[in-house]
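[1] Kindly generate the corresponding structure for this input.
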Amino acid sequence: MVSRQNLQVLSKPESSAWHRISPSQLTSADAMRPLSAGQGVELWLCVYLFRLPLDVLAAAADQPAVVIEEKSGRLMVISASLSAAESGIQAGMTLAMALSLNQSLGVYPRDPRSERCGQESLATRLSKISNRVALYTESSIVIEIRGSLRLFGGMDELLRRLELELNKAAYAYKIGLAPTIRAAFWLAQSPEECMVYAQDTLVSALGGLPVQLVSQNSKQLLRMQRSGIRNLADLMRLPRDGVARRFGTPVLEILDQALGKVPELVNHYKPQEGFHEEREFYLPTRDLNRIRPAVTELLNKLQGYLLERQAAIQRFQCKLVHLDRSVSEVDVGCSHYANRAEHMLMLVEEHLQRLEIKADAVSVAIEASRIETFTPGQLDLLDPLTTNQQSWHQLTEQFEARFGKSCLKRLAACSDHRPEHAFAMSEYCTENSTVGYAERPLWLLGIPQALMVVQGWPQWHGVLCLTRSYERIEQGWWDQQDICRDYCVAHNIRGSKLWIYRDRRSKGWFLHGVFA
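    Residues are numbered from 1 along each chain as shown. As a prediction, the model looks like this:
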């Protein structure tokens, strides 16, 4: 891989020579100095993944291996490992020629889907450096870093953070930097990586690059070579009207984009809101001991995905794809926000142990479509309540994963003022639904008990002292269980606290509940 110590920064040319300085000599003040008229407003950095087709596959990088693709009826080498390159194998040659150079060559078909996923995964990592990230061609990523220099304290620190994110991805890469997107892309592909900081040095910096960059038409390139045009400097010395007449205006448009004379528009990359990763098994299996490591790897990736976004999930799916392409899906729900792999693995384990795998599985996938921003509450060092709450949530989730969603019940309030119908058993959840009732006891009698009345006062182990606050309930006409009562709290000489009511139809008093 290319390190930033090998990069070269091109500043304004002194006479006809380039003045080159290393990134360590580029101070923070120099990197963030005010822009002059000769400098571009933007500063683009391109990450060129020159071995992406091979890096995204399971092929060992230290083994002779190539990735092939069919072009015009022939199998062509798209990417070659370092050990294969030592045998003289290069991208662009036929597979037959590559095998003639090394008969023990590992051959792999190209996987565009894996390449795209790898490119997007790296683009998501680079979004932590700048909010202006774009996928540029099939094997490169461009990011605008001018606005991030002050944030990171200069170019040197920004490049250090860039290397850290690139090394995590473990992809071979080259980088180039320039005030325009296309120039940064061209410089990243050149043998000697360099950094062009000012726009007025672009002509000198790009002059030595091959002319093939502005045209992929073989006939057009042949005409250029016959005319003595070998590099971009030869092309830029020619009159513009003559170039447009002989080689077409698209050549000038591409060149103008690289020099910053014409803007180049790119679609900014937005990280996907959901998570989807899949791992294939070397051999079809239904053994959990072989499935578990792949699930663990995917959940670790999900944890990294969530932590990067300071997010969490409450539901995700684990899917087993079988030989006949049928899918066994396990829906994993969390009563509390989850973003840790060990927690999610514990829940998946409970589901997989109860899952009857009827056919061999060829791959396993983890999907989470709803990602929510999660801000953990402030923790009190001296209060163990938070830890106890987390343990309780994990315990309830484990019960539900093992015995089913309906194994736990809770007492829930209903939107009915009649005491007999105000509460019901429902599925357990962490959110408590409450209804604004007056003071009511937890213990209700199944059948209200009639009270003795002496001289107009209800009695229960003595004369009852009634509170002045009454709750009148007249409800239930729609289900033929209507009531018409006046409830109040009463006390007797023994200190009992009761909940009684007077039936407004029969004029009798009844005991309906007892407070603890």
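[2] From residue 469, how far off is the residue lying closest to residue 502 once chain neighbours are set aside?
    Excluding the flanking residues, the one nearest residue 502 by C-beta to C-beta, 6 or more residues apart in numbering is residue 486, at 4.9 Å. Using the backbone N, CA and C atoms, a C-beta is placed for each residue, glycine as well. Remark: distance between residue 486 and residue 469 (C-beta to C-beta, to the nearest Å) = 11 Å.
[3] Settle it for me: which of those two has more neighbours?
    residue 486 (15 against 10; other C-beta atoms under 10 Å).
[4] How far off centre is the host helix or strand of that one?
    Here residue 486, judged by DSSP states H and E, is contained in strand 483-491. Its chain's C-alpha centre and that of strand 483-491 lie 57 Å apart, by C-alpha atoms, centre = their mean, to the nearest Å.
[5] Give me the buried positions along that strand.
    For strand 483-491, the neighbour count (16 or more other C-beta atoms under 10 Å) marks 483, 485, 487-490 as buried.
[6] Tell me which other helices or strands it touches.
    strand 465-466, strand 471-475, strand 497-503 (3 or more C-beta pairs under 8 Å, 6 or more residues apart in numbering; DSSP states H and E).
[7] helices or strands next to the second one in the packing?
    Strand 471-475 sits against strand 483-491, with contacts defined as 3+ C-beta pairs under 8 Å, 6+ apart.
[8] pLDDT of the strand it packs on, averaged?
    For strand 483-491, the mean per-residue pLDDT is 90.
[9] do stretch 281-296 as well
    89.
[10] Distance of the residue nearest to residue 502 relative to residue 140?
    Taken as C-beta to C-beta, the span from residue 486 to residue 140 is 79 Å.
[11] Likewise for residue 452?
    As judged by C-beta to C-beta, residue 452 and residue 140 stand 91 Å apart.
[12] now residue 301
    Following C-beta to C-beta, the distance that separates residue 301 from residue 140 is 23 Å.
[13] So those two - more neighbours on which side?
    Set residue 301 next to residue 140 and count neighbours by other C-beta under 10 Å: residue 140 wins out with 24 against 16.
[14] if I look at that one, how far off is residue 312?
    Residue 140 is 33 Å from residue 312, by C-beta to C-beta.
[15] who touches stretch 170-178?
    Under the contact criterion C-beta atoms under 8 Å, 6 or more residues apart in numbering, stretch 170-178 has outside partners 1-2, 4, 7, 43-52, 55, 118, 122, 145, 162, 166, 183-190, 193-197, 202, 205.
[16] Cross those against strands and list the overlap.
    44-48, 195-196 (DSSP state E).
[17] Quick one: residues contacting the residue of the chain most remote from its centre.
    For the chain, the largest distance from the centre (C-alpha atoms, centre = their mean) belongs to residue 455, which lies 74.8 Å off. Contact analysis of residue 455 by C-beta under 8 Å, 6+ apart lists nothing.
[18] returning to what we had before: give the partner strands of the strand holding residue 486 in its sheet and their orientations.
    Partners of strand 483-491 in the sheet, by DSSP bridges, are strand 465-466 (antiparallel), strand 471-475 (antiparallel), strand 497-503 (antiparallel).
[19] Residues in contact with the last one: which ones?
    Under the criterion C-beta under 8 Å, 6+ apart, residues 440-441, 448, 451, 458, 460, 464, 466, 484-492, 508-515 lie in contact with strand 497-503.
[20] where along the stretch 201-350 of the chain do the helices fall?
    Assigned by DSSP state H, counting those that start in this stretch, the stretch 201-350 of the chain shows helices spanning 202-206, 218-226, 232-236, 240-247, 249-259, 288-309, 341-354.
[21] what's the answer for the stretch 1-150 of the chain, then?
    28-31, 52-55, 82-86, 95-101, 112-126, 149-152.
[22] Mind putting those helices into JSON lines with distance to residue 366?
    Formatted as JSON lines, the helices of the stretch 1-150 of the chain follow (distance: least, C-beta to C-beta, whole Å):
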{"stretch": "helix 28-31", "distance to residue 366": "41"}
{"stretch": "helix 52-55", "distance to residue 366": "22"}
{"stretch": "helix 82-86", "distance to residue 366": "33"}
{"stretch": "helix 95-101", "distance to residue 366": "35"}
{"stretch": "helix 112-126", "distance to residue 366": "14"}
{"stretch": "helix 149-152", "distance to residue 366": "33"}
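[23] Give me whichever of those is most buried.
    Neighbour counts averaged per stretch over the helices of the stretch 1-150 of the chain are highest for helix 52-55, at a mean of 25; criterion: mean count of other C-beta atoms under 10 Å.
[24] which other residues reach that one?
    Contacts for helix 52-55 (C-beta under 8 Å, 6+ apart): 49, 61, 65-67, 78-81, 108, 110-111, 115, 118-119, 138-139, 170-172.
[25] avg pLDDT for it?
    For helix 52-55, the per-residue pLDDT averages 89.
[26] now do stretch 256-272
    87.
[27] Can we start the residue count at 25 from this point?
    New numbering, starting at 25: the last item is stretch 280-296.
[28] Figure out how far it is from the centre of its chain.
    The mean C-alpha position of stretch 280-296 is separated from the chain mean by 24 Å, C-alpha atoms, centre = their mean.
[29] and residue 517, how many neighbours does it have?
    10.
[30] what's the distance between the residue nearest to it when sequence neighbours are not counted and residue 515?
    Excluding its sequence neighbours, the residue lying closest to residue 517 (C-beta to C-beta, 6+ apart) is residue 486, at 4.3 Å. Separation of residue 486 from residue 515 (C-beta to C-beta): 10 Å.
[31] Report the central residue of this protein.
    Centre-nearest of the chain using C-alpha atoms, centre = their mean is residue 329, 4.5 Å out.
[32] Surely that residue touches residue 299?
    Yes. Using C-beta atoms under 8 Å, residue 329 makes contact with residue 299 at a distance of 5.2 Å.
[33] which residues are common contacts for the two?
    Between them, residue 329 and residue 299 share no contacting residue under C-beta under 8 Å, 6+ apart.
[34] Can you list the low-confidence ranges for the stretch 325-474 of the chain?
    359, 398-435, 448-462 (pLDDT under 70).
[35] Run a quick neighbour tally on residue 506.
    With other C-beta under 10 Å as criterion, residue 506 counts 13.
[36] Give me the nearest residue to it, chain neighbours excluded.
    Nearest one to residue 506, counting by C-beta to C-beta, 6+ apart, is residue 500 at 3.8 Å.
[37] Tell me who's in contact with the one you found.
    When contacts are counted by C-beta under 8 Å, 6+ apart, residue 500 touches 442, 445, 506-507.
[38] Tell me the secondary structure of residue 182, please.
    With DSSP: H, G, I helix; E, B strand; the rest coil as the basis, residue 182 sits in helix.
[39] Skipping its backbone neighbours, what lies nearest it in space?
    Counting by C-beta to C-beta, 6+ apart, the residue nearest residue 182 is residue 176, at 4.2 Å.
[40] and if you look at residue 292?
    Excluding the flanking residues, the one nearest residue 292 by C-beta to C-beta, 6+ apart is residue 158, at 5.6 Å.
[41] I figured the one you found was touching residue 289, is that so?
    No. The pair residue 158 / residue 289 is not scored as a contact, 9.6 Å apart, by C-beta under 8 Å.
[42] got a list of what residue 232 touches?
    Shown in contact with residue 232 (C-beta under 8 Å, 6+ apart): 255-257.
[43] Now a ChimeraX select for only the buried ones of those residues.
    Per 16+ other C-beta under 10 Å, the buried members of the contacts of residue 232 correspond to this ChimeraX selection:
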select :256
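[44] Quick check on residue 97: phi, psi?
    Main-chain torsions, residue 97, degrees, to the nearest 10: phi 80, psi 0.
[45] Much appreciated, bye for now.
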